[in-house]
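Participant: what's the 3D shape of this:
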Amino acid sequence: MAVAVSYPGVYIQEIPSGTRAIAGVPTSIAGFVGYTARGPVNAPVQLFSYADFERNFGGLHLDSPLAYAVSHFFLNGGASAWVVRVAEGAVPAAIGMRTMAGDLTLTATAASEGAWGNALVLNVDYESANPDESFNLTVTEFIDRAGRMVPARTEAHRNLSMDPDAATYAPTVLEADSRLIRLTDEGAGGAAAGMARSGPLTDAEIAALDDNARRLAISIDGGPFIEFDLFGEGGGLATLAALRTALNTIVPTLEPANPGFSGFSCAIDGDRLVATSGSTSRQSSVRFRRASIRSAAARLQLGLAQGGREIHGSAPTRPAQSGTAGVRIEDFDALDFSTDPMTMSVQALDTAGAALADITVVLQDSGATPPVPAPTTLAEARARIETRLRAETNEALSRASVQTIGGALVLRAGGADPSVRLDFGGTGAATLGIGGGGGEFVNVAGYRMGSGPDLTAQVGAVGGDDGAVPDETAILGSRAAKTGLFALEDVRDLNILNLPEVNDAGVLANAIAYAEERRAMILIDMPGNVTDFEGARAWIGDPANAGLRHQNAAVYFPRVRMPDPLQGNRPRSFANSGLMAGLYARTDAARGVWKAPAGIEARLRGVTALDYALSDPENGVLNPLGLNCLRSFPVFGQVSWGARTMVGADALASEWKYVPVRRIALFIQESLYRGTQFVVFEPNDEPLWAQIRLSVGSFMNQLFRQGAFQGATPQEAYLVRCDRTTTTQADIDLGIVNIVVGFAPLKPAEFVIIQIQQLAGQSQS
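Facilitator: Numbers count the residues shown, from 1 in each chain. Below is the predicted model:
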């Protein structure tokens, strides 16, 4: 647009250059579809190493050709792959988690289907930033190692909340952060009115409040903090009761339309102040913090930072703590240890309630030699219990966890069985609030996914199942449902398709059509029963396989022999599509997509032998039929010795005879398809055509300079036309712009002919 001038002077106007750089698309991102024992079903997962595959899909499995193909892909130079797991009837493991009141509050489900989830154990504790509001969840995956279940990996999720409005809402956090489980909120009732409790206060401390300490800041039900004066300047409060009255008078008037404020109440519990919200819900809360000036929060011990307690309305809907949780002890000095001797019995109980071990912990015994004095702190009592447990031989006791959380003792059985629980009795247990029916909660040591019995807070286990190995039709899947091969619909970059060990001609024909649609190559595995030259020649010539002859498909013979880590590293026969996809990627990175993935540089990594050793004459029969051969040569080892597509048979005389020619054509097509989107809806005339010629020409020239085309000059190597000769007025009227791009591809030197002539000596005159 022209600059709108208004005053004499110099104006600056930026004018677009009209250049649009076209970037080349990736050339060797592989897609694998098939069965694995673990991982999300029909959901593509991008991997950048075999370690990623192990983390997401569990590693090698004897029933999973895909697992070996992916391993061979990365071994041979692959850098990026998409994997789709297909499994018939696979079920994720699950377990229900109850509140301490017995209501089902959360269902934990394994992140993907499979029996692997049956080895997950969940531990819940309240040792969080606020033990009266949030909880911690630890997820541990166990694996069998030499007959013993040992932890393989662990996730710790801290300070989770059951408040759906909280940033730490447990199901949301686990959805984003956990690789092992997902949580479903079952909407358990039991939500309470939020409250705040002060520390112990005396009337003298209240009377000592003055003008420098007379303000508080309060938030109710998650709203903003509001500051207020407890009394006017020069005033004061004489007693704790007077403070309660002041709060009951002032707070409801701060936001009278808010039920949390209007129904606010303050009471005295012993020597503590208890402030309660007027609402009852998972969002209900009362929070205090320091006022900006003249704050009284520290003196009144109101707010977590000042030594008070804040009990959220969602707290009763938290899953129950693992292990046995005692009653909170507000004042340890008030406990009665006069019984002499005072002991505590500890039992480890199995799922049927039978005692696995039973010991006695001495808390006080004046008649012992030497005497055992009563503990003076909760920490000392905890240490005494822990010391006694460590001396036991029973694993449930010797490896038990002993903690003090929120002023209460919490003990969790150790050992391999998370369904074991601890029970306590005796005068010592009753005194410490850990046994004797005084409000303690006895739970399993850990929630066991998939196989845990209905016991205490653990309920409704659903066993994980690997499902059956799918048939080849299921691997193809449904486009409408985006299953199987069509789960790759939403994957943008995909260049090499692999359906390891899929041999059904109808399924492969559909897969080839999909590969053509995606501008990708597909590598086909020959059936495992094709083991010799005659079988290979019969297979490639079988009319039933005529539908596989496509320019986007390639097949290699014979199968390869590689060590199998699941069979003591003994070599066995494998399909070669995953390995060849890795070789394609390695060649692309080293030389470019225009270089044939064949020759002495195309060594097959990890291959110890080939299933069949082809001779030169046999190779000479199969190659003209469009069947690529893998060969074994001295010094060079096992190499790829063919670079033809499935239409590469001499009799077909196809212009797409060679793999590198077809692949660079697909590369150019996809790059230009994406890189010319800017043309759509632009004015269709010479300025646009010039811009197209510049952008496309720059892209093609870059390929020429990299050695992708024949010819000594750009004019010999490629052409780009977009002008009046390609786009007529009729085309313009129809909204069409025509771009003609041509290139002279490099073709591999399959046959090297050396002419040798013997020169006879001749006399010279």
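Participant: Could you pull out the strands in the stretch 651-765 of the chain for me?
Facilitator: 718-721, 740-743 (DSSP state E, counting those that start in this stretch).
Participant: ranking the ones you listed by burial, who's on top?
Facilitator: Here the criterion is mean neighbour count by mean count of other C-beta atoms under 10 Å, and of these the winner is strand 718-721, at a mean of 19. Just so you know, the C-beta spots here come from the backbone N, C-alpha and C atoms, and that holds for glycine as well.
Participant: avg pLDDT for that strand?
Facilitator: Taken as a whole, strand 718-721 has a mean pLDDT of 96.
Participant: roughly how far is that strand from the heart of the chain?
Facilitator: In terms of C-alpha atoms, centre = their mean, to the nearest Å, the centre of strand 718-721 is set 46 Å apart from its chain centre.
Participant: export the helix ranked longest in the chain as CSV, just CAs?
Facilitator: Assignment by DSSP state H gives helix 686-705 as the longest helix of the chain. C-alpha atoms of helix 686-705 as CSV (Å, rounded to 0.1, in the frame of the first residue of the first chain):
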residue,chain,number,x,y,z
GLU,A,686,2.9,-12.7,-13.3
PRO,A,687,4.0,-11.3,-9.9
LEU,A,688,2.8,-14.5,-8.2
TRP,A,689,4.3,-16.7,-11.0
ALA,A,690,7.7,-15.0,-10.6
GLN,A,691,7.5,-15.6,-6.8
ILE,A,692,6.7,-19.3,-7.5
ARG,A,693,9.6,-19.7,-9.9
LEU,A,694,12.0,-18.1,-7.4
SER,A,695,10.9,-20.2,-4.5
VAL,A,696,10.6,-23.5,-6.3
GLY,A,697,13.8,-22.8,-8.3
SER,A,698,15.8,-22.0,-5.2
PHE,A,699,14.7,-25.3,-3.7
MET,A,700,15.6,-27.3,-6.8
ASN,A,701,18.9,-25.5,-7.2
GLN,A,702,19.8,-26.4,-3.6
LEU,A,703,19.2,-30.1,-4.4
PHE,A,704,21.3,-29.7,-7.6
ARG,A,705,24.2,-28.2,-5.6
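Participant: what mean pLDDT does that helix have?
Facilitator: 94.
Participant: can you give me the offset of it from its chain's centre?
Facilitator: Per C-alpha atoms, centre = their mean, the centroid offset for helix 686-705 relative to its chain is 42 Å.
Participant: Not counting it itself, show me its contacts.
Facilitator: 18-22, 24, 668, 671-672, 675-676, 679, 682, 709, 711, 714, 717-718, 720-723, 727, 737, 739, 741, 743 (C-beta atoms under 8 Å, 6 or more residues apart in numbering).
Participant: thinking again about what came up before, redo the strands of the stretch 651-765 of the chain as JSON lines? Include distance to S198.
Facilitator: Output for the strands of the stretch 651-765 of the chain, formatted as JSON lines (distance: least, C-beta to C-beta, whole Å):
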{"stretch": "strand 718-721", "distance to S198": "80"}
{"stretch": "strand 740-743", "distance to S198": "79"}
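Participant: Among those strands, which comes closest to A192?
Facilitator: Evaluated over the strands of the stretch 651-765 of the chain, closeness to A192 peaks at strand 740-743, with 70.8 Å, by C-beta to C-beta.
Participant: one step back: nearest to I522, of the strands of the stretch 651-765 of the chain?
Facilitator: strand 740-743 (23.2 Å).
Participant: So for the strand ranked longest in the chain, mean pLDDT?
Facilitator: Longest strand in the chain, counting residues (DSSP state E): strand 148-160. Summarised as a single mean, pLDDT over strand 148-160 is 90.
Participant: Which positions in it come out as buried?
Facilitator: 155, 157, 160 (16 or more other C-beta atoms under 10 Å).
Participant: hang on, the earlier thing: and F32, which of the strands of the stretch 651-765 of the chain is closest to it?
Facilitator: Once the strands of the stretch 651-765 of the chain are compared by C-beta to C-beta, strand 740-743 is nearest, at 30.8 Å.
Participant: Show me how far that closest one is from its chain's centre.
Facilitator: 43 Å.
Participant: same for that strand, what does it pack against?
Facilitator: helix 659-675, helix 686-705, strand 718-721 (3 or more C-beta pairs under 8 Å, 6 or more residues apart in numbering; DSSP states H and E).
Participant: okay, those, which one's buried deepest?
Facilitator: helix 659-675 (a mean of 21).
Participant: just the CA coordinates of that one, formatted as CSV?
Facilitator: In CSV, the C-alpha atoms belonging to helix 659-675 read as follows (Å, rounded to 0.1, in the frame of the first residue of the first chain):
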residue,chain,number,x,y,z
VAL,A,659,14.2,-47.1,-5.2
PRO,A,660,16.2,-43.8,-5.0
VAL,A,661,14.5,-42.4,-8.0
ARG,A,662,11.1,-43.0,-6.5
ARG,A,663,12.1,-41.8,-3.1
ILE,A,664,13.6,-38.5,-4.3
ALA,A,665,10.4,-37.9,-6.4
LEU,A,666,8.3,-38.5,-3.3
PHE,A,667,10.6,-36.1,-1.3
ILE,A,668,10.2,-33.4,-3.9
GLN,A,669,6.4,-33.9,-4.2
GLU,A,670,5.9,-33.6,-0.4
SER,A,671,8.3,-30.7,0.0
LEU,A,672,6.7,-28.7,-2.7
TYR,A,673,3.2,-29.6,-1.5
ARG,A,674,3.9,-28.1,1.9
GLY,A,675,6.2,-25.3,0.7
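Participant: Tell me which residues of stretch 580-596 come out buried.
Facilitator: 580-588, 592-596.
Participant: can you give me the mean pLDDT across it?
Facilitator: Mean predicted confidence for stretch 580-596 is 96.
Participant: ditto for stretch 384-398
Facilitator: 92.
Participant: what about it, start to end distance?
Facilitator: In stretch 384-398, first residue to last residue: 13 Å (C-alpha to C-alpha, to the nearest Å).
Participant: quick one: V346 and L356 touch, right?
Facilitator: No. V346 lies out of contact with L356 (C-beta atoms under 8 Å); the separation is 11.2 Å.
Participant: wait, which of the buried residues of strand 148-160 is closest to Y126?
Facilitator: For the buried residues of strand 148-160, the nearest to Y126 is L160 (10.5 Å; C-beta to C-beta).
Participant: so who does the residue most central in space within the chain touch?
Facilitator: Geometric centre of the chain, nearest residue: R179, 4.3 Å, by C-alpha atoms, centre = their mean. Listed by C-beta under 8 Å, 6+ apart, the contact partners of R179 are 55-56, 111, 155.
Participant: any chance of those residues in a markdown table, with distance to P8 and secondary structure too?
Facilitator: Shown next, in a markdown table, are these (distance: C-beta to C-beta, whole Å; DSSP: H, G, I helix; E, B strand; the rest coil):
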| residue | distance to P8 | secondary structure |
| --- | --- | --- |
| R55 | 69 | helix |
| N56 | 68 | helix |
| A111 | 70 | coil |
| E155 | 70 | strand |
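Participant: so where is this protein shaky, pLDDT-wise?
Facilitator: For the chain, the stretches with pLDDT under 70 are 1, 761-765.
Participant: on that earlier part again, can I get the helices and strands packed on strand 740-743 in CSV including distance to W116?
Facilitator: Formatted as CSV, the helices and strands packed on strand 740-743 follow (distance: least, C-beta to C-beta, whole Å):
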stretch, distance to W116
helix 659-675, 37
helix 686-705, 46
strand 718-721, 52
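Participant: Nearest to D63, out of those?
Facilitator: helix 659-675 (31.0 Å).
Participant: tilt between the closest one and helix 686-705?
Facilitator: Angle of helix 659-675 versus helix 686-705, following axes from the mean of the first three to the mean of the last three C-alpha atoms, to 10 degrees, is 150 degrees.
Participant: which helices and strands does helix 659-675 pack with?
Facilitator: strand 521-524, helix 686-705, strand 740-743.
Participant: what residues does that helix touch?
Facilitator: Against helix 659-675 from outside (C-beta under 8 Å, 6+ apart): 20-25, 27, 495, 519-521, 551-552, 554, 584, 593-597, 628, 643-645, 648, 655-656, 695-696, 699-700, 703, 708, 739, 741, 743, 745-748.
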